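Novice: got a structure for you, letters missing:
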């Protein structure tokens, strides 16, 4: 009799059907992680598949479980997560900005301007004093007089020039010029500190008969050019 062989029966009871997939779950779910720095770095697999060989108590075979590893924290950027399961609040999360680097303190120009003008005035005053000391005495006035302005035959007339200064020490250079076409050599006169009047003398001798109107001129050459003259009358019948 050909009946079913009891040995042909399966050794294990048939498996119950797999539970239905919960609504809302997507088999193609994926998570994308974007880092703000966009730098290529070696990454580990964000998912780890754990296979549990242990049978379930109800006799069903174990299913694969997917564990999503948390993203590696980065201190230099913002991580934005997109994909199913990301809440709207997380998607609208504003970007973090790096703390602003404080600017270096500005140079206090006000203090520099405050002391710049007095310093310039002081330097100018010192330079002016040095210039005055090195340029000799300042000439205020020059005058020329004669002992007498009319004289007779064979006479020598004394002529005096007077130079008024500001009292600074130094040296005067000058020369005498006469109306007969002659002149003296360049002469020098030393002026002491505080001396305000310098006397310069000239002796002019006249000889022979005749009548002559003569002029003696004193020219100060340095430190400042000045000139003065006196007129004389020579009368010898």
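Specialist: Yep, that arrived. Just so you know, these numbers come straight off a predicted model, no measurement behind them.
Novice: All the strands of the chain, residue numbers only.
Specialist: 32-35, 47-50, 65-68, 79-82, 139-146, 150-151, 155-165, 170-178, 187-191, 197-206, 210-222, 226-236 (DSSP state E).
Novice: just so I know, which of those strands lies nearest residue 130?
Specialist: strand 170-178 (13.4 Å; Cβ to Cβ). The way it works is simple: take the backbone N, C-alpha and C, and place the C-beta from them, glycine included.
Novice: how does this protein divide into domains?
Specialist: 30-97, 139-236 (automatic domain parsing).
Novice: Out of the strands of the chain, which is closest to residue 118?
Specialist: strand 170-178 (30.4 Å).
Novice: coming back round to it: nearest to residue 121, of the strands of the chain?
Specialist: Of all the strands of the chain, strand 170-178 comes closest under Cβ to Cβ, at 26.0 Å.
Novice: ok, the closest residue in space to residue 170 that isn't next to it in sequence - how many residues close by?
Specialist: Nearest residue to residue 170, sequence neighbours excluded (Cβ to Cβ, 6 or more residues apart in numbering): residue 136, at 2.9 Å. Residues lying near residue 136 (other Cβ atoms under 10 Å) number 18.
Novice: returning to that earlier point: can you tell me which of the domains of the chain the model trusts least?
Specialist: Looking at those, the lowest mean pLDDT belongs to domain 30-97 (a mean of 50).
Novice: packing partners for the lengthiest helix in the chain?
Specialist: Using DSSP state H to define each element, the chain has its longest helix at helix 109-134. On a contact count with 3 or more Cβ pairs under 8 Å, 6 or more residues apart in numbering; DSSP states H and E, helix 109-134 meets no helix or strand.
Novice: what's the average pLDDT for it?
Specialist: Rounded mean pLDDT across helix 109-134 is 77.
Novice: Now do the buried residues in it.
Specialist: Within helix 109-134, no residue counts as buried by 16 or more other Cβ atoms under 10 Å.
Novice: again with stretch 230-237
Specialist: 230, 232, 234.
Novice: My guess is the last one contacts residue 210. True?
Specialist: Looking back up the chat, that one is residue 234. Yes - when contacts are counted by Cβ atoms under 8 Å, residue 234 is listed as touching residue 210 (7.3 Å).
Novice: follow-up on the earlier one: hmm, the residue nearest to residue 170 is touching residue 167, no?
Specialist: No - when contacts are counted by Cβ under 8 Å, residue 136 is not listed as touching residue 167 (11.7 Å).
Novice: what residues are up against the closest residue to residue 218 other than its chain neighbours?
Specialist: Setting aside the residues directly before and after it, residue 218 is nearest to residue 161 in space (Cβ to Cβ, 6+ apart), at 3.9 Å. By Cβ atoms under 8 Å, 6 or more residues apart in numbering, the contact list for residue 161 reads 142-144, 174, 176, 199-202, 218, 228.
Novice: just the buried members of those?
Specialist: Counted by 16+ other Cβ under 10 Å, the contacts of residue 161 give 142, 144, 174, 176, 200, 202, 218, 228 as buried.
Novice: contacting residues for the fifth one?
Specialist: Which is residue 200. Contacts of residue 200 by Cβ under 8 Å, 6+ apart are 160-163, 174, 187, 189, 218.
Novice: Let me have the contacts of residue 161 in JSON lines, adding distance to residue 129 as columns.
Specialist: Compiled in JSON lines, those are given as follows (distance: Cβ to Cβ, whole Å):
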{"residue": "142", "distance to residue 129": "25"}
{"residue": "143", "distance to residue 129": "29"}
{"residue": "144", "distance to residue 129": "32"}
{"residue": "174", "distance to residue 129": "26"}
{"residue": "176", "distance to residue 129": "33"}
{"residue": "199", "distance to residue 129": "28"}
{"residue": "200", "distance to residue 129": "28"}
{"residue": "201", "distance to residue 129": "33"}
{"residue": "202", "distance to residue 129": "35"}
{"residue": "218", "distance to residue 129": "30"}
{"residue": "228", "distance to residue 129": "30"}
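Novice: Please consider this matter closed, and thank you.
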